[in-house]
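> take a look and give me a structure for this.
(chains A and B)
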Amino acid sequence: MRPFQVYDTRTGTVRPFVPRNPPRVGMFVCGLTPYAEAHAGHGRVAVVYDAVARAVRRWGYRLFYVQNVTNVDDKVIDRARELNRDPLELSEHHFRAWLTAVEQLEVRSVNLYPFATDYVPEIVEQVEELVRRGLAYVADGDVYYEVAKFPRYGELSGQRVEALRPGARVQVDPKKRAPEDFVIWKSAKPGEPTWPSPWGPGRPGWHVEDTAITGRLLGPQYDLHGGGTDLKFPHHEAEVALGEGASGRSPLVGYWLHLGMLEMRGEKMAKSVGNVVSLEAAIRIAGPEALRFFYLNAHYRSPLVFDPDRSLAEARQSLTTLGAPYLRLREELGRDGLARPGRELPPDLARAATAMPEQLDGLLANDFATREAIAALFGWSRTLGEWTAKFDTLSGTALATLGAPYRWAAEVLGLFPERSLPRPTADLSSLVRVALDARARARARNDFAEADRLRDALAAAGVVLEDDAGATRWRWRGAEGNP
RNA sequence: GCCGAGGUGGCAGAAUGGUUAAUGCGACGGACUGCAGAUCCGUUUCCUGGGGGUUCGAUUCCCCCCCUCGGCUCCA
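Residues are numbered from 1 along each chain as shown, chains lettered A, B, ... in the order given. So this is what the prediction gives:
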C-alpha cells in the first residue's frame, strides 16, 4: 500500500492517510437527488471522486465506494406533483440519465448506488436508537434530532449554534424545540410515498438516509467521505451528530473531502439564476473526454470557473495537445503490433518513460493533485514532440515504453479511453487507401480541384487527412474524442 | 452578522520563506503544405486584491481591510 496524504476538512490539515482496517477502505460520497436533470457541477463530483477511487485502488488499498441516491425527499415529491408523475418513477428516470452520463465520463469506480427507499428499515432502526438514547424526540408524528444533546455539534464546520441565523433560507418549523433541531422522520402527508414506522406512516428526513446507509454498508466508522462543499453544513454536520450519536463512537469519518463549487462566470450554477448547463449538454458540447479533463485540470478543493463559451473549447484543445503523441503511438502500435522491429530508445529516454508513472503517483499522493499530474504529462508530451516524426522508425516495444505515462493517465485519471482509439477496420482502410492514391495522383498532376474534392468526400465519410512531408496520414474523425 | 473556501499573466489554473512564479488556452513568429488543417519548434522579460508587520529575503507566515463564492438546520 502506497502512503498518501489528504486534506481533512474536520482538522483543516493535510494528514497522512491511515485507514481503520487496512487494506480495506470505505468511502461514501453524497450523490444525487434526482428530481431534475443533472448539471455540469454534478459531473465534477462524479469525476473527481472517481479519480480518487482509481488512485486509492491503484495504490493497493481495497476500496469499497458507495454513492447514495436520495430518491425520496421534498424536491422530488414537489417536482413529481408539478409533472403529475410518481415521485419514485421520476427519480428513477433521472438516475438512469445520470448513470448514462457518468458512464460516458468513464466513471467506473462506484461499487454501489444505494437508493434511500431501499434502506427504510435501517433508517427506522437508527431513528429508534436515537430516540432511545435521548438524542431525538417525537412531536406529532415527526421525529427531530435534538442538537443541544450532542456537544460536538459544529465541530466539522466550525459553526457555533448560537451564532447561526435561523430561518435565513428555510422557514423555522414551529414543532421543533429549538431552531437548530432537524427532522429525521416526517409524518405522512396525502399523496406522498410512505412507510410504516413506530411513529405512524411517514418517510425519512434527508440527513438520516446517509448514516443509515453507511452504517449498514461501511460500519459505524469509516475512512473517507466526499461531497460538495455546499453540503458541509448542515448536512455533513448532521451526519456526524446522527452517526456518532447512534453508535456512540467517534469519529464517524476519518477524512472529509470537500469538493469546490463549479462557478458560472462568478455566480454559482443554479436553476434560480437560470445559468445551468446540463451535464448532458456539457458532454455533448465538449465530448466526454474533454469534460472529464476539464474537471481534473484543477485541484478538487478549489472553486472552478466554468464559462460555457470558453472552458469546454479550451479543455478540448488542451486534451488534443496532450494526447497527440499518444494518438500517434497507438496508431503505430495498432497497425503493426508490439512485435514490430525497429530502433530501440536512447537509454535516458527509456529510463524517463519508465520512471514517469512513479513520479505521477507521487504527485497525486499529495492530496490528489490531479492538476500537478496533468502538468507533468504535458511535460512528457513536449518531450515526445521531437520524436513524433520518428515514431515510424521505432520498434514496437520502444513505442510501448513511451506510452507508459499515458497508460498511467488512462488508469488513474480515466483519460484516453480505449474507445478513442482509431477504429481498426482493415477492409475500410484499404478503401480509404484507394481514395488516397487517387488523390495523390491528382495532386501529382496539379489537379487540386480533384484532390480537394476527394479530401472533402473522405471528410464527409469521417476520414481526416493530414498532409505531411512526403506522406498523407489519415484517421477516423472521432479518434481524438471529437464526435 | 457568523462559519468555511477563495482573490496569482489577456483567460483558465498550480506551486513555493530565496536564482528566470508551473502547466494549458489564446496571441505572435517559424517549419511542414499547392492551399487549409493537424503536428512540430520558438516567443509571449514588466502577473501573486489593498495596507501594515515578522524576516537578510514574503506571493507564501501574522494582523487589519476590501472583494468573490458556498453555507447558516428538509439547501442549490
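
> pLDDT below threshold where in chain A?
Counting by pLDDT under 70, the ranges of chain A that qualify are A:165-172, A:265-274, A:419-430, A:469-470, A:476-483.

> contacting residues for residue A:193?
If you count contacts by Cβ atoms under 8 Å, 6 or more residues apart in numbering, residue A:193 has them with A:72, A:77, A:87-88, A:117, A:203. For the C-beta atoms, the positions are set from N, CA and C on the backbone; glycine is no exception.

> and the furthest pair within those residues?
Across the contacts of residue A:193, the two members that end up farthest from each other (Cβ to Cβ) are A:77 and A:117, 12.2 Å apart.

> tell me how far the closest residue to RNA strand B within the stretch 1-150 of chain A lies from residue A:33.
With distances taken as Cβ to the nearest atom of the strand, the stretch 1-150 of chain A approaches RNA strand B most closely at residue A:74, which sits 4.0 Å away. Distance, residue A:74 to residue A:33, by Cβ to Cβ, to the nearest Å: 9 Å.

> ok, now residue A:345?
As for residue A:345, its distance to residue A:33 is 52 Å (criterion: Cβ to Cβ).

> tell me the residues of the stretch 101-250 of chain A that contact RNA strand B?
A:142, A:147, A:153-154, A:157-161, A:163-170, A:172-173, A:176, A:179-183, A:186, A:205-206, A:228-235, A:237-238 (Cβ under 7 Å from any atom of the strand).

> which of these count as buried?
Among these, those scoring as buried are A:142, A:147, A:153-154, A:157, A:159, A:176, A:180-183, A:186, A:205-206, A:228, A:231-232, A:234-235, A:237-238 (criterion: 16 or more other Cβ atoms under 10 Å).

> tell me how chain A divides into domains.
Recorded structural domains for chain A (assignment: automatic domain parsing) are A:5-259, A:316-418, A:426-476.

> just put those domains in TSV and tack on distance to residue A:286.
Converted to TSV, the domains of chain A look like this (distance: least, Cβ to Cβ, whole Å):
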stretch	distance to residue A:286
domain A:5-259	9
domain A:316-418	6
domain A:426-476	19
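
> for residue A:292, find the nearest of those domains.
With Cβ to Cβ as the measure, domain A:5-259 is the member of the domains of chain A nearest residue A:292 (5.1 Å).

> before we move on, the earlier item: now the phi/psi pair for the residue of the stretch 1-150 of chain A closest to RNA strand B, please.
Main-chain dihedrals, residue A:74, degrees, to the nearest 10: phi -60, psi -40.

> distance of it from residue A:187?
According to Cβ to Cβ, residue A:74 and residue A:187 sit 14 Å apart.

> which of residue A:74 and residue A:33 has more neighbours?
For residue A:74 and residue A:33, the more surrounded residue by other Cβ atoms under 10 Å is residue A:33, and the numbers stand at 23 against 14.

> three-state assignment of residue A:298?
With DSSP: H, G, I helix; E, B strand; the rest coil as the basis, residue A:298 sits in coil.

> oops, could you answer that again for residue A:183 instead?
Three-state secondary structure (criterion: three-state DSSP) places residue A:183 in strand.

> cool, and residue A:438?
Using three-state DSSP, the three-state assignment for residue A:438 comes out as helix.

> now for the residue lying closest to it once chain neighbours are set aside, how many residues are close by?
Across the structure, with Cβ to Cβ, 6 or more residues apart in numbering as the measure, the residue nearest residue A:438 apart from its sequence neighbours is residue A:454 (6.1 Å). Here the number of neighbours of residue A:454 (other Cβ under 10 Å) works out to 19.

> stretch A:26-46 vs RNA strand B: in contact?
Yes - contact of stretch A:26-46 with RNA strand B is found when judged by Cβ under 7 Å from any atom of the strand, involving residue A:33.

> render the CA-only coordinates of that stretch in PDB, please.
Below are the C-alpha coordinates for stretch A:26-46, written out as PDB (Å, rounded to 0.1, in the frame of the first residue of the first chain):
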ATOM      1  CA  GLY A  26     -14.600   2.600   3.000                       C
ATOM      2  CA  MET A  27     -15.700   5.600   1.000                       C
ATOM      3  CA  PHE A  28     -19.000   7.300   0.900                       C
ATOM      4  CA  VAL A  29     -19.900  10.200  -1.400                       C
ATOM      5  CA  CYS A  30     -23.200  12.200  -1.200                       C
ATOM      6  CA  GLY A  31     -24.800  11.600  -4.500                       C
ATOM      7  CA  LEU A  32     -27.700  12.900  -6.500                       C
ATOM      8  CA  THR A  33     -31.200  14.000  -5.600                       C
ATOM      9  CA  PRO A  34     -32.600  13.100  -9.000                       C
ATOM     10  CA  TYR A  35     -35.500  15.400  -9.100                       C
ATOM     11  CA  ALA A  36     -34.300  17.100 -12.300                       C
ATOM     12  CA  GLU A  37     -31.600  16.900 -14.900                       C
ATOM     13  CA  ALA A  38     -28.100  16.800 -13.500                       C
ATOM     14  CA  HIS A  39     -25.900  19.800 -14.300                       C
ATOM     15  CA  ALA A  40     -22.300  20.300 -15.000                       C
ATOM     16  CA  GLY A  41     -21.500  20.800 -11.300                       C
ATOM     17  CA  HIS A  42     -22.800  17.400 -10.500                       C
ATOM     18  CA  GLY A  43     -20.400  16.000 -13.100                       C
ATOM     19  CA  ARG A  44     -17.500  17.300 -11.200                       C
ATOM     20  CA  VAL A  45     -18.500  15.300  -8.200                       C
ATOM     21  CA  ALA A  46     -18.700  12.100 -10.200                       C
END
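
> which positions within it qualify as buried?
Using 16+ other Cβ under 10 Å as the test for burial, stretch A:26-46 gives A:26-46.

> check stretch A:293-307 too.
A:293-300, A:304, A:306.

> tabulate these (CSV), appending distance to residue A:131.
As requested, these are arranged in CSV below (distance: Cβ to Cβ, whole Å):
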residue, distance to residue A:131
A:293, 49
A:294, 46
A:295, 42
A:296, 44
A:297, 48
A:298, 44
A:299, 42
A:300, 38
A:304, 42
A:306, 44
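
> which of these come close to RNA strand B?
When contact is defined as Cβ under 7 Å from any atom of the strand, the buried residues of stretch A:293-307 meet RNA strand B at A:297-299, A:304.

> nearest to residue A:220, of the residues you listed?
Distance to residue A:220 across these (Cβ to Cβ) is lowest for residue A:299, with 31.3 Å.

> the closest one touches residue A:373, doesn't it?
No - contact criterion Cβ atoms under 8 Å: residue A:299 and residue A:373 do not qualify, at 11.1 Å.

> ok, back up a step: who wins for most neighbours among the contacts of residue A:193?
Across the contacts of residue A:193, neighbour numbers were computed from other Cβ under 10 Å; residue A:72 holds the maximum, 26 neighbours.

> which residues touch residue A:395?
Residues in contact with residue A:395 (Cβ under 8 Å, 6+ apart) are A:340-344.

> I appreciate the help and will end here.
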